[in-house]
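*Asks:* Build me a model from this:
(one chain, ligands or ions: 1)
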Amino acid sequence: MSSRRLQQIIPSVATLDGAGVSLRRSLGSVPNARVDPFLMLDEFSSDDPDDYIAGFPSHPHRGFETVTYMLDGHMLHEDHLGNRGDLLPGGAQWMTAGRGIIHSEMPQQESGRLRGFQLWINLPAAEKMKPASYCDIRPEQIPTVVLPSGGEARVIAGSIAVGDREVAGPVQGITTEPLYIDVHLPAGGRFVQALADGHSAFVYAYEGKLAIGAEGESRDLPAQSAGVLGGEGPIEVRAADGPAHFLLLAARPLGEPVAQYGPFVMNTREEIEQAVADYRANRLT
Ligand code: CO
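*Replies:* You can find the predicted model right below:
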């Protein structure tokens with residue numbers, strides 16, 4: 001069976017967000033640099049507190065989900081529903097903005113490394129106005145599995161087959177059936193995983209270079225770039241030049257129009273205008 005090929009490379013670009021946090025944005029960096037239903041992927045990684053200390057003070061969202069996955073450092077999430085989530089290394093938070101949420105994400109450290117990712121996943125039209133919800137995922141809730149071909153994978157959402165068993169992450173039951181895994185490969189290590197037919201998929205290499213595709217017909221993905229996969233079948237990845245760390249994301253595409261204005265992602269311009277009006281009138285949530 002043929003495997004998926006690396007169809008498009010979306011390099012990350014340095015940008016600022018929140019109150020002045022330095023980050024690298026791949027998906028979402030330019031219009032249409034999306035992989036339906038994934039809207040945006042930011043990587044933040046710095047040892048310099050000036051790059052992150054300002055954090056992400058109180059701000060709104062409507063119409064999609066935000067997923068934060070932390071590698072190093074400590075952030076505190078607070079929202080208008082009264083949730084407080086301590087985001088620790090190896091932990092994650094899955095927030096469904098639905099019709100509206102107002103939250104903040106603030107670093108809880110004045111020195112040392114802060115490193116992690118924020119991913120935005122779109123919601124189908126029928127769920128954009130559902131009530132907001134929040135799920136705090138502690139590091140020990142995310143299974144880490146040793147891969148038969150070397151290396152390891154952490155499963156945040158969906159499930160993967162490892163040998164003859166299935167390893168399921170803590171996040172399940174979402175309409176677009178997202179798969180979110182973090183894979184670490186040793187130099188020369190290889191990772192092969194079946195992906196659901198018709199699901200879109202991309203890889204984000206955050207350390208080291210990857211070769212994607214079957215041996216002999218693979219294409220390289222440089223570090224700090226998102227690689228959009230084309231075709232069908234499993235994904236096949238090799239650590240092409242030393243050890244490699246990457247995220248693999250896959251989900252069922254929505255195939256709906258996307259209207260985005262900052263932190264609001266709806267289907268039409270009228271719905272965006274409604275979101276802005278609701279926020280100004282204090283009735284977003
Ligand atoms: Co936010």
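*Asks:* Quick one: the helices in the protein, in order.
*Replies:* Per DSSP state H, the chain carries helices over the ranges 269-280.
*Asks:* Centroid-nearest residue for it?
*Replies:* L119 (3.1 Å; C-alpha atoms, centre = their mean).
*Asks:* Return the distance of the closest residue to it other than its chain neighbours relative to Q7.
*Replies:* Excluding its sequence neighbours, the residue lying closest to L119 (C-beta to C-beta, 6 or more residues apart in numbering) is V67, at 4.5 Å. From N, CA and C alone the C-beta is placed, and that goes for glycine too. Distance of V67 to Q7, given as C-beta to C-beta, to the nearest Å: 23 Å.
*Asks:* Looking at these two, which is more packed in?
*Replies:* Using other C-beta atoms under 10 Å as the criterion, V67 and Q7 rank with V67 on top: 24 against 13.
*Asks:* Okay, and the beta partners of that one?
*Replies:* W94, L119 (DSSP bridges).
*Asks:* now swap in V162 and tell me
*Replies:* R165.
*Asks:* Can you name the residues that contact it?
*Replies:* Neighbour list for V162: V145, L147, P148, A153 [criterion: C-beta atoms under 8 Å, 6 or more residues apart in numbering].
*Asks:* I'd like the distance between it and R113.
*Replies:* For V162, the distance to R113 equals 30 Å [C-beta to C-beta].
*Asks:* what about the residue nearest to R34 when sequence neighbours are not counted, how many residues close to it?
*Replies:* Closest residue to R34 apart from its sequence neighbours, by C-beta to C-beta, 6+ apart: L27 at 5.8 Å. Using other C-beta under 10 Å, L27 is surrounded by 22 other residues.
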